[in-house]
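Colleague: Make a model of this:
(chains A and B)
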Amino acid sequence: GNSVTQMEGPVTLSEEAFLTINCTYTATGYPSLFWYVQYPGEGLQLLLKATKADDKGSNKGFEATYRKETTSFHLEKGSVQVSDSAVYFCALSDKESAASGSARQLTFGSGTQLTVLP
Amino acid sequence: DAGVIQSPRHEVTEMGQEVTLRCKPISGHDYLFWYRQTMMRGLELLIYFNNNVPIDDSGMPEDRFSAKMPNASFSTLKIQPSEPRDSAVYFCASRLAGFGSYNEQFFGPGTRLTVL
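Modeller: Prediction:
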């Protein structure tokens, strides 16, 4: 079955530091890959996505590249801010079937808590 | 649109009581998902609906859990009887169908359930 393994947290950085959160996956076929972010007390929000190999997703200064050869989708940001403090989830989705009604279900990693200190 | 709405935001109950969590998806969305989040198990998919029909409930932990979607704008997740190990944050999410492409899942703010 599908699975996502992401870097254990928590991660604590100083403001303007470089961020990397590692994510690797196991899946059959060609899944789509995502990073979701959860701010304190809120639900998850889509941060960025990539739907095929070598695609780079980017948003709010965050980037991640879909690497099929290493089955990875590492999240990076060049200069983090205090407002980036949150939990980050790597996820993948499988195929959607119009015939059966089955959805592109999301399989999530365990989440990585990021704290950025001023 | 107000986004996915969940109620209550916080629920504290005693073991053995019935608990009902409510969700209003974004208008027009075809799919509705219920998730549970705990420190030990992370984020787990419990059940999802397509056009109000349950498609996959394999994530429902046991018969004490049940979910319904009587119409396109409302869903409930019920736990009867509740147990302390059910304490978690329960999220509802919805999205449009997107065959051949990906449509974003929009999450509600969650219901934090504490069973004493």
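
Colleague: so where do the strands sit in chain B?
Modeller: For chain B, applying DSSP state E gives strands covering B:5-7, B:10-13, B:19-24, B:31-38, B:42-50, B:53-56, B:65-71, B:74-79, B:88-95, B:106-107, B:111-115.

Colleague: So what touches the helix or strand of chain A with the lowest mean pLDDT?
Modeller: None of the helices or strands of chain A scores lower by mean pLDDT, DSSP states H and E than strand A:106-108, at a mean of 87. The set of residues that contact strand A:106-108 without belonging to it, under Cβ atoms under 8 Å, 6 or more residues apart in numbering or on different chains, is A:2-4, A:27, A:34, A:36, A:89-94, B:42-43, B:45, B:105. Just so you know, the C-beta spots here come from the backbone N, C-alpha and C atoms, and that holds for glycine as well.

Colleague: dump the residue contacts of the spatially closest residue to residue A:7 that is not a sequence neighbour.
Modeller: If you skip the residues right next to it in sequence, residue A:7 has residue A:22 as its closest partner in space, 4.3 Å away by Cβ to Cβ, 6 or more residues apart in numbering or on different chains. The neighbourhood of residue A:22, defined by Cβ under 8 Å, 6+ apart, consists of A:6-7, A:72, A:74.

Colleague: I'd assumed residue A:29 was in contact with residue A:53.
Modeller: No: using Cβ atoms under 8 Å, residue A:53 makes no contact with residue A:29, being 11.8 Å away.

Colleague: Compare neighbour counts for those two and give me the winner.
Modeller: Set side by side, residue A:53 and residue A:29 give different neighbour counts by other Cβ atoms under 10 Å in any protein chain shown, the larger being at residue A:53 (12 against 7).

Colleague: Please name the residues that touch that one.
Modeller: Residue A:53 makes contacts with A:30, A:66-68, as judged by Cβ under 8 Å, 6+ apart.

Colleague: neighbours around residue B:17, how many?
Modeller: Applying the criterion other Cβ under 10 Å, we find 13 residues in the vicinity of residue B:17.

Colleague: Next up, the contacts around it.
Modeller: Taking Cβ under 8 Å, 6+ apart as the definition, contacts of residue B:17 comprise B:81-82, B:115.

Colleague: Kindly recompute the last result at 6 Å.
Modeller: residue B:82 (Cβ atoms under 6 Å, 6 or more residues apart in numbering or on different chains).

Colleague: now it: how far from residue B:64?
Modeller: Note on residue B:17: its distance to residue B:64, by Cβ to Cβ, to the nearest Å, is 12 Å.

Colleague: who touches residue B:74 in this structure?
Modeller: Taking Cβ under 6 Å, 6+ apart, one finds residue B:24 in contact with residue B:74.

Colleague: Likewise for the one 10 residues further on?
Modeller: Each residue near residue B:84 by Cβ under 6 Å, 6+ apart is listed here: B:15, B:115.
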